[in-house]
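Q: Sharing a model that was predicted from the sequence below.
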Amino acid sequence: MEYTTLPNTQIKISKICLGTMNWGEQNTEAEGFEQMDYALDAGVNFFDTAELYPIPKNPKTQGATETYMGNWFKKTGNRDKIVLASKVAGPPEFNPHQIREGGFSRNAMEDALHQSLTRLQTDYIDLYQLHWPDRPSNYFGKRGYRHEPDHQWEDNIRETLESLQHFIDQGKIRHIGLSNEVPWSVMRFLEESKYQGLPRVVTVQNPYNLLNRTYEIGLAEISIRENVALFPYSPLAFGRLTDKFINGQDTSRARITLYPEMKRYNKVNALKATQCYYDLAKENNMSLATLSLAFIHQQNFVCSTIIGATQMDQLKENIESIAVQLDASVLDQIHKIHEAIPNPAP
């Protein structure tokens, strides 16, 4: 395993992070335990979850993923071996069963944090992230920003940071991050931190993969110059960037098969680009998943790549990708494909 540090901290993290959003939907608690055992043995010390998980969202299963993790911590005593990341859900546009009212108000976040700590059976969370903005913006598959003048939103970024500072002072969280965010907001958070002496964002958890490199347009430079690293999710595009959809493997358990609403990776250009990347991988004697993950690992604005798997063989392959280094010729071919078919699945 390779390691780095969480930006602006002394916390050592593996450059692969175990994602958990399938647990409670596609994976049982026992399977989650098996994944955590294997990942830790392989050197992965960074786990990511959210109060909303599992996905797809369901009021009957909401919180199950954190509960599984908490039960594993209790059973194994491994909490002190793990750097733990979780997220507070945003307002109800993408939270239809409305876990609570209040967005990112102090009371709402206090309730969210209390519930997460209880489920996780821990006293603190190392990285606490805002799962998505509490204002209309271009996230979750929207290419461009469209202003909604009728939507009343008052800039509450300072107040949000003040609440997070309160939780840090209590020892309940250590550091903070954003998720599904855009350049304007990241810089606003950094501005308030700088001039008001408030907690500084250390990561941005956004989608990033060979079919969606939109992070590079405005956020990659911020990551490098401001030392706020990308913590990428969906590195395999819900499994689209794996061999199974091309070489005839069973795809009945694949997320794209089970949940057709995740349609951005089924678009014509996404399929066309995927075939090009698959051909490139085979020319270089590797799987499409390995090529896709190795590309992300080598980006200088990425701190740790979130991998998620439903089956153990997938998890093993994903973790082993950390040992693969793509040479300049392969990277050049990747960029040529991207130039020909840019961001087909934002």
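A: It's in.
Q: Now do the buried residues in whatever helix or strand residue 271 lives in.
A: Assigning secondary structure by DSSP states H and E places residue 271 in helix 268-283. Within helix 268-283, the residues scored as buried using 16 or more other Cβ atoms under 10 Å are 270-271, 273-274, 276-278, 280-281. Heads up, the C-betas are built off the backbone N, CA and C, glycines and all.
Q: Likewise for stretch 31-43?
A: Buried, per 16+ other Cβ under 10 Å, within stretch 31-43: 31-33, 35-36, 38-40, 42.
Q: from the residues you listed, which is closest to residue 253?
A: When the buried residues of stretch 31-43 are compared for distance to residue 253 (Cβ to Cβ), residue 31 wins out at 11.8 Å.
Q: Convert the C-alpha atoms of the helix holding residue 271 to PDB, please.
A: Written as PDB, here are the backbone C-alpha positions of helix 268-283 (Å, rounded to 0.1, in the frame of the first residue of the first chain):
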ATOM      1  CA  VAL A 268     -23.900   6.700 -26.300                       C
ATOM      2  CA  ASN A 269     -20.600   8.700 -26.000                       C
ATOM      3  CA  ALA A 270     -19.900   7.100 -22.600                       C
ATOM      4  CA  LEU A 271     -20.200   3.700 -24.100                       C
ATOM      5  CA  LYS A 272     -18.000   4.800 -27.100                       C
ATOM      6  CA  ALA A 273     -15.300   6.200 -24.800                       C
ATOM      7  CA  THR A 274     -15.400   3.100 -22.600                       C
ATOM      8  CA  GLN A 275     -14.700   0.800 -25.500                       C
ATOM      9  CA  CYS A 276     -11.700   3.000 -26.400                       C
ATOM     10  CA  TYR A 277     -10.300   2.800 -22.900                       C
ATOM     11  CA  TYR A 278     -11.000  -1.000 -22.800                       C
ATOM     12  CA  ASP A 279      -9.000  -1.500 -26.000                       C
ATOM     13  CA  LEU A 280      -6.200   0.600 -24.600                       C
ATOM     14  CA  ALA A 281      -6.100  -1.500 -21.400                       C
ATOM     15  CA  LYS A 282      -6.000  -4.700 -23.400                       C
ATOM     16  CA  GLU A 283      -3.200  -3.400 -25.600                       C
END
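Q: Pull the residues that contact it.
A: By Cβ atoms under 8 Å, 6 or more residues apart in numbering, the surrounding residues in contact with helix 268-283 are 210-211, 237, 240-241, 243, 245-246, 264, 287-288, 290-292, 330, 333-334, 337-338, 340-341, 344-345.
Q: Restrict the residues you listed to the buried ones and give me that as a ChimeraX selection.
A: Selecting the buried subset of the contacts of helix 268-283 in ChimeraX, with 16+ other Cβ under 10 Å as the burial test, is done by:
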select :210,211,237,240,241,243,245,246,264,287,288,290,291,292,330,333,334,337,338,341,344,345
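Q: Please produce a markdown table containing the buried residues of stretch 31-43, extended by secondary structure and distance to residue 304.
A: What follows is those, written out as a markdown table (DSSP: H, G, I helix; E, B strand; the rest coil; distance: Cβ to Cβ, whole Å):
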| residue | secondary structure | distance to residue 304 |
| --- | --- | --- |
| 31 | helix | 22 |
| 32 | helix | 19 |
| 33 | helix | 22 |
| 35 | helix | 16 |
| 36 | helix | 16 |
| 38 | helix | 17 |
| 39 | helix | 12 |
| 40 | helix | 15 |
| 42 | coil | 14 |
